[in-house]
Structure formats: structure tokens, C-alpha cells
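A.B. asks: let's see this in three dimensions:
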Amino acid sequence: MSQARVLFVCVHNSARSQMAQAYLRQLAGDDLEVDSAGFKPEPLNPLAVQVMAEEGIDISGQRPQSVFELYRQGKLYDYVITVCDDTENQCPIFPGITHRLHWPFPDPAAVGGDQEQRLATVRAIRDQIKQRVTQWWRAR
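C.D. replies: Below is the predicted model of the structure:
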């Protein structure tokens, strides 16, 4: 039996999808193949890297990638989970999947305030992502 494949998608692949990917990889180990990608990839959000490091998870070496590149490579997924905020109308749809899920989370790149306020907000987003990924993993 082949390994199930999961793709997390958000617009920039710089924070939300990267965090979700890291949590699911930690939970699933070798039971799932887990990727993340974006519609318009951008460098990793330093706040996301920092709050994940606080959890003991290093995402600093993860490379943002294009959802279109994965498609061109012929990659297919059993689950595609979009993690874009509902207000983001450009959340991409990956073709040819069995299960599509949408888990809207606020965009860490859009948080305001001083450094401590921004960190607190990104921590809250991280915790929401962790909870949702963990619930899905346990229920599947």
C-alpha cells in the first residue's frame, strides 16, 4: 500500500502552510508524505521560524515552493488542505485530488503592532494550526 500524500497550500508558502507541514510531519513520521506550496512563494516569515523554534521545530531550512511547479512535476495528493484566510480570494486550488479541506487561518505577514505584539499574534496562529493539524491527524 502506498503512503498517503498531503499538501498544505497558502498564498505565499512562507508561514501557515510551512507550520502545518512541520506539525504534520512531526505527528505522522513516515506514515504520510507531507509537502507545502504556495501560489506566489516568498521567503520564510522570520516570525513563523521563531515561533516554531519555540516549539522545538526548526523550519528555517524549509524552502518555499510553487504549487504550479509541483503540478508540472506531476505530483498528486490524497489531501490538499488550504490554510488561507477566508478573505484571501487567491487561495489556489490544486487539481486532481481526492480530498480538499479548507482551514482558514489569519496571515502572519499581515499582523501589526510592535515586535512583541506581532510575536504574540503569530504564536496564537501557530497554536491554532497545531490544534487543527493534531485534531485532523487523530481523526483520520
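
A.B. asks: how many neighbours does Q117 have?
C.D. replies: Using other Cβ atoms under 10 Å, Q117 has 11 other residues around it. Quick note: C-beta positions are derived from backbone N, CA and C, even for glycine.

A.B. asks: got it, and K75?
C.D. replies: 16.

A.B. asks: repeat that for D30.
C.D. replies: By other Cβ under 10 Å, neighbour count at D30 equals 7.

A.B. asks: regarding it, what is its secondary structure?
C.D. replies: helix (DSSP: H, G, I helix; E, B strand; the rest coil).

A.B. asks: could you find the closest non-adjacent residue to it?
C.D. replies: Nearest non-adjacent residue to D30, counting by Cβ to Cβ, 6 or more residues apart in numbering: Q3, 7.6 Å away.

A.B. asks: show me what contacts the one you found?
C.D. replies: D30, D31, L32, E33 (Cβ atoms under 8 Å, 6 or more residues apart in numbering).

A.B. asks: do you know the pLDDT at it?
C.D. replies: Looking at Q3, its pLDDT is 85.

A.B. asks: and for R72?
C.D. replies: 89.

A.B. asks: and the longest helix seen in the chain, which residues are buried?
C.D. replies: Looking across the chain with DSSP state H, the single longest helix is helix 115-139. Within helix 115-139, the residues scored as buried using 16 or more other Cβ atoms under 10 Å are 119, 121-123, 125-126, 128-130, 132-133, 136-137.

A.B. asks: and what of stretch 30-41?
C.D. replies: Neighbour-count burial for stretch 30-41 flags L32, E33, V34, D35, S36, A37, G38, F39, P41 (criterion: 16+ other Cβ under 10 Å).

A.B. asks: with stretch 44-63 instead?
C.D. replies: Residues of stretch 44-63 classed as buried under the neighbour-count rule (16+ other Cβ under 10 Å) are L44, N45, L47, A48, V49, V51, M52, E55, I57, I59, Q62.
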